[in-house]
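Engineer: Structure for the following, please:
(chains A and B)
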Amino acid sequence: MRIIILGCGRVGVHLAHAMDQAGHDVTVVDRNRESFNKLGSDYGGKMVLGTGIDEDVLRKAGIEQADAFVAVTNGDNTNAMAAQIAQHVFQVPRVVARMYDPVREETYRLLGLDTVCPTVMGAVKIREMVDA
Amino acid sequence: MYIIVVGGGKVGYYLTQHLLVAGHEVAVIEKNPKKVENIINDLGGIAILGDGSDASPMLEAGMNRADIAVAATGDDEDNLIVCQMAKMKFGVKRTIARINNPKNEHIFGVLGIETTVSYVDALVAQIERGIPTHALVHLLTLRDVGAAFVEKQVPPASPVIGMTMSEMNLPEHFLIALIIRHSQAIIPKGTTHLEEGDEVVAVTAVGNEDLLEQLFRGELIKKP
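Structural biologist: Residues are numbered from 1 along each chain as shown, chains lettered A, B, ... in the order given. Take a look at the predicted model:
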């Protein structure tokens, strides 16, 4: 599978490694060059420098051939916009966006985006552990 | 009208000032406390501190009763999400987005934000206006209704010089809305004629903007 991961933070790095080791064709996009250092030397995928809401940067990352696009920058709005570009402009078959804000997450989920909200997931999990 | 402006920087500030003078009810959402303070001091208690793409300041500002939401921050991703949240979460009918990178205008259109204002495009338009080749200037595009406003100067020796509106037999879905002659605005009637150097503002369907250029080249004139 050809996958583009936008945002080279903790989640982006973790996901990039997992997908790379599972034999997928991984490209990580980040606007900050230093972020790529976190990928380490054992990462075998590609890296593209630039902002994820720029069509030209996304093309350079191979979005036209991508099977999946994951937006995990630290900005909810960047993730929402980049994911919509991937879905509606480039018709990427599988698009996932992370959003910390539960309200925005719900809004974009209702709009047809696949979203993940770590805030709610974390709260639910913690509640379960406390209740147990 | 009730207008909510998101982003209280220079653009948001002067826009708000202007809208207040025009008699509108305005609220500004801005995340920088210093800017909020300045707005409250200068324009009154109409500024709310918060992230404009967050639902709670939107609710506090009364987004559900806003006639228009204007996203005027310096970040296109924020402006997109502000407009989409205003529409989807709060049912605001009309949203206007400032676009910082002209490349994003197309994306905003695809994602359902019809009215966008791009400074870079506006500056380019101003520069084009000053270029003696009299390029066609795109003034405004209303994507939701598929209309475009374009402007062009009547070039020397154009076949339309001296012709009246009714003589030109203008095509369907095309209207000469305004003529600027010697710094005076003329709303044309059927008997109004064109002169060399007139700045002509036309309304056309999106995609048909070059009809104005064709007109000035004499290609649209139907011979009697």
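Engineer: so where do the helices sit in chain A?
Structural biologist: A:10-21, A:55-60, A:76-84, A:102-110, A:118-131 (DSSP state H).
Engineer: Single out the most deeply packed of these.
Structural biologist: Ranked by average neighbour count under the criterion mean count of other Cβ atoms under 10 Å in any protein chain shown, the helices of chain A are headed by helix A:76-84 at a mean of 27. (C-beta placed from N, C-alpha, C; glycine too.)
Engineer: about what we covered before: would you turn the helices of chain A into a markdown table with mean pLDDT and distance to residue B:95?
Structural biologist: Formatted as a markdown table, the helices of chain A follow (pLDDT from 0 to 100; distance: least, Cβ to Cβ, whole Å):
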| stretch | mean pLDDT | distance to residue B:95 |
| --- | --- | --- |
| helix A:10-21 | 96 | 31 |
| helix A:55-60 | 96 | 22 |
| helix A:76-84 | 97 | 15 |
| helix A:102-110 | 94 | 14 |
| helix A:118-131 | 94 | 26 |
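Engineer: can I get those in JSON lines with distance to residue B:208?
Structural biologist: Shown next, in JSON lines, are those (distance: least, Cβ to Cβ, whole Å):
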{"stretch": "helix A:10-21", "distance to residue B:208": "45"}
{"stretch": "helix A:55-60", "distance to residue B:208": "26"}
{"stretch": "helix A:76-84", "distance to residue B:208": "29"}
{"stretch": "helix A:102-110", "distance to residue B:208": "35"}
{"stretch": "helix A:118-131", "distance to residue B:208": "48"}
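Engineer: Between those, which one is closest to residue B:74.
Structural biologist: For these, distance to residue B:74 was read as Cβ to Cβ. The smallest value, 12.7 Å, belongs to helix A:76-84.
Engineer: Distance from that closest one to the middle of the chain?
Structural biologist: 9 Å (Cα atoms, centre = their mean, to the nearest Å).
Engineer: Which other helices and strands does it contact?
Structural biologist: Other helices and strands packing on helix A:76-84, by 3 or more Cβ pairs under 8 Å, 6 or more residues apart in numbering or on different chains; DSSP states H and E, are strand A:2-6, strand A:68-71, strand A:94-98, helix A:102-110, helix B:76-88.
Engineer: Take the ones you listed and lay them out in JSON lines including distance to residue A:42.
Structural biologist: Output for the helices and strands packed on helix A:76-84, formatted as JSON lines (distance: least, Cβ to Cβ, whole Å):
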{"stretch": "strand A:2-6", "distance to residue A:42": "16"}
{"stretch": "strand A:68-71", "distance to residue A:42": "20"}
{"stretch": "strand A:94-98", "distance to residue A:42": "24"}
{"stretch": "helix A:102-110", "distance to residue A:42": "33"}
{"stretch": "helix B:76-88", "distance to residue A:42": "32"}
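Engineer: Look up which residues are beta-bridged to the residue most central in space within chain B.
Structural biologist: Among the residues of chain B, the one closest to the centroid is residue B:140, at 4.5 Å (Cα atoms, centre = their mean). Here residue B:140 shows beta-bridge partners residue B:149, assigned using DSSP bridges.
Engineer: Was I right to think it contacts residue B:148?
Structural biologist: Yes: counting by Cβ atoms under 8 Å, residue B:140 touches residue B:148, with 7.2 Å between them.
Engineer: Quick check on the closest residue to residue B:82 other than its chain neighbours: phi, psi?
Structural biologist: The shortest distance from residue B:82 to any non-neighbouring residue, by Cβ to Cβ, 6 or more residues apart in numbering or on different chains, is to residue B:71 (3.9 Å). Torsion angles at residue B:71 (phi, psi; degrees, to the nearest 10) stand at phi -100, psi 110.
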